[in-house]
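# I'd like to go over a predicted model; first the sequence, then the structure.
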Amino acid sequence: MNITTQILRGMDQQQLAQLIEEQSISPDLELLKAARSIRDDVYGRKVYFRGLIEISNYCKNNCYYCGIRRDNRQVSRYRLTKEQILHCCQVGHSLGFHTFVLQGGEDPWFTAKRVADVVSAIKKEFPDCAVTLSLGEKEEDEYRAYREAGADRYLLRHETATPAHYRHLHPAEMSIDHRKQCLWALKRLGFQVGAGVMVGSPGQTAKELAQDLLFLKELEPHMVGIGPFIPHKDTPFRDEPAGSIPQTILMLALTRILLPHVLLPATTALGTLDPMGREKGMDAGANVVMPNLSPTDVRQLYTLYDGKLSTGEEAAEGLKALTQRILAAGYQPDFSRGDYKA
Ligand code: 5AD
């Protein structure tokens with residue numbers, strides 16, 4: 001099959017769902033090639049590095065898939081101090097990073113004031129760096145405070161755009177409407193915004209994935225995080241099968257084709273499930289990697305899913321090896337801020 005990108009961009013939900021169904025086992029090589037060449041046209045062969053700092057594994061939410069959900073009593077909880085976070089940034093900066101991603105569960109201890117205080121301290125010490133936050137759903141005023149403190153970007157995966165499927169993945173107190181409202185608010189406030197999904201989450205079909213693509217087209221985010229669902233042993237979804245690598249690759253390629261300018265990570269989950277996951281992701285149009293800068297002693301506590309990589313090439317200490325692999329795959333590791341190219 002050889003579908004032009006123009007046709008793909010005009011597809012409705014039914015057509016996208018059919019294409020996803022047909023290609024989930026083995027994505028069309030022409031389609032991957034089209035995704036790559038679109039990425040090359042916009043960003044060249046650069047792969048941008050982001051330093052990930054997992055600031056807290058406390059979470060008030062109880063998402064059925066996530067290892068740090070509120071009801072998981074097996075996790076020992078931690079939160080980093082401002083000094084620890086700044087120290088991670090110092091280490092990262094000396095390694096060459098110019099983006100720091102502060103990610104955490106929805107931890108009420110991290111009030112707007114505390115987060116703003118950390119963000120302004122980072123921006124003051126590292127004015128040449130971008131700060132990305134990934135701290136979940138907040139009120140618009142709180143997002144505004146982050147922005148005023150200097151935060152540049154915000155990651156909030158929508159997880160699934162379909163209300164019924166969203167309810168299947170989350171307890172009743174959460175809703176896709178609120179999640180979407182947050183994403184629109186973040187856009188209004190001028191953040192570079194990231195949305196995204198898990199591929200192969202329980203109950204998901206090609207129809208849901210098609211809906212996700214249409215939602216992404218409507219939102220026009222600057223970043224899209226896509227990784228396979230991987231079960232975690234202490235969650236209600238412990239016995240569910242993991243998402244598939246080819247289907248994840250297909251979703252990456254389709255996202256690149258529908259949103260040519262998007263910054264698209266080859267995610268940790270993809271690297272966890274497949275040793276060649278990152279390379280496969282880049283060959284489907286991905287152009288970002290996010291090595292872990294968290295203090296080594298807390299890394300195994302931020303376990304969203306079983307087997308999550310946090311050492312080796314996934315870690316700041318494995319940077320040389322990761323850089324080598326990216327070069328070997330024919331890409332250029334890039335440590336600049338790597339902002340969205342409009
Ligand atoms: N498998 C894969 N990804 C997961 N996430 C959370 N739990 C899992 C899991 N079991 C993803 C969610 C979240 C992001 C930080 O990690 O998509 O938005």
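Happy to help now that I have it.

# which residues of the stretch 101-250 of the chain fall in strands?
Taking DSSP state E, counting those that start in this stretch as the test, the strands found in the stretch 101-250 of the chain are 130-134, 153-155, 192-199, 223-228.

# Turn the ones you listed into a markdown table, including mean neighbour count and distance to residue 336.
All C-beta spots, glycine's among them, are computed from the backbone N, C-alpha and C. As requested, the strands of the stretch 101-250 of the chain are arranged in a markdown table below (neighbours: other Cβ atoms under 10 Å; distance: least, Cβ to Cβ, whole Å):
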| stretch | mean neighbour count | distance to residue 336 |
| --- | --- | --- |
| strand 130-134 | 23 | 10 |
| strand 153-155 | 26 | 14 |
| strand 192-199 | 26 | 15 |
| strand 223-228 | 26 | 16 |
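
# what's stretch 39-47 in contact with?
Here stretch 39-47 makes contact (Cβ atoms under 8 Å, 6 or more residues apart in numbering) with 256, 260-261, 264, 266, 282, 285-289, 326, 330-334, 338, 341.

# does residue 280 sit in a helix, a strand or a coil?
Of the three states, residue 280 takes helix according to DSSP: H, G, I helix; E, B strand; the rest coil.

# what about the helices in this protein?
For the chain, the helices defined by DSSP state H cover 5-9, 13-23, 29-43, 82-95, 112-125, 140-148, 163-169, 176-188, 206-219, 245-258, 268-273, 277-282, 296-299, 319-328.

# Relative to the ligand, which of those is closest?
The ligand lies closest to helix 268-273 among the helices of the chain, at 4.6 Å (Cβ to the nearest ligand atom).

# and the closest one with the ligand, contact?
Yes. Applying Cβ under 6 Å from any ligand atom, one finds helix 268-273 in contact with the ligand at residue 269.

# Let me know how buried residue 139 is, in neighbour terms.
By the criterion of other Cβ atoms under 10 Å, residue 139 has 11 neighbours.

# residue contacts, residue 288?
By Cβ under 8 Å, 6+ apart, the residues touching residue 288 are 47, 48, 49, 50, 223, 263, 264, 265, 266, 338.

# who does the nearest residue to the fifth one once chain neighbours are set aside bridge with?
It stands for residue 223. Spatial nearest neighbour of residue 223, chain neighbours left out: residue 194 (3.3 Å); criterion: Cβ to Cβ, 6 or more residues apart in numbering. In this entry, residue 194 is beta-bridged to residue 155, residue 223, by DSSP bridges.

# which of the contacts of residue 288 are close to the ligand?
Applying Cβ under 6 Å from any ligand atom to the contacts of residue 288, none is adjacent to the ligand.

# Now flag whichever of those is closest to the ligand.
Comparing the contacts of residue 288 against the ligand with Cβ to the nearest ligand atom places residue 265 closest, at 11.1 Å.

# I'd say that closest one and residue 286 touch.
Yes. If you go by Cβ atoms under 8 Å, residue 265 and residue 286 touch, sitting 6.1 Å apart.

# Looking at the two now, which is surrounded by more residues?
Between residue 265 and residue 286, counting by other Cβ under 10 Å, residue 286 is the more crowded of the two (31 against 27).

# check contacts around the residue nearest to that one when sequence neighbours are not counted.
Counting by Cβ to Cβ, 6+ apart, the nearest residue to residue 286 once its immediate chain neighbours are dropped is residue 266, at 4.1 Å. Applying Cβ under 8 Å, 6+ apart to residue 266 gives the contacts 47, 252, 277, 278, 279, 280, 281, 282, 286, 288, 289.

# where does the stretch 101-250 of the chain come near the ligand, residue by residue?
So far as Cβ under 6 Å from any ligand atom goes, the stretch 101-250 of the chain lies against the ligand at 157, 159, 198, 227, 229, 230, 232.
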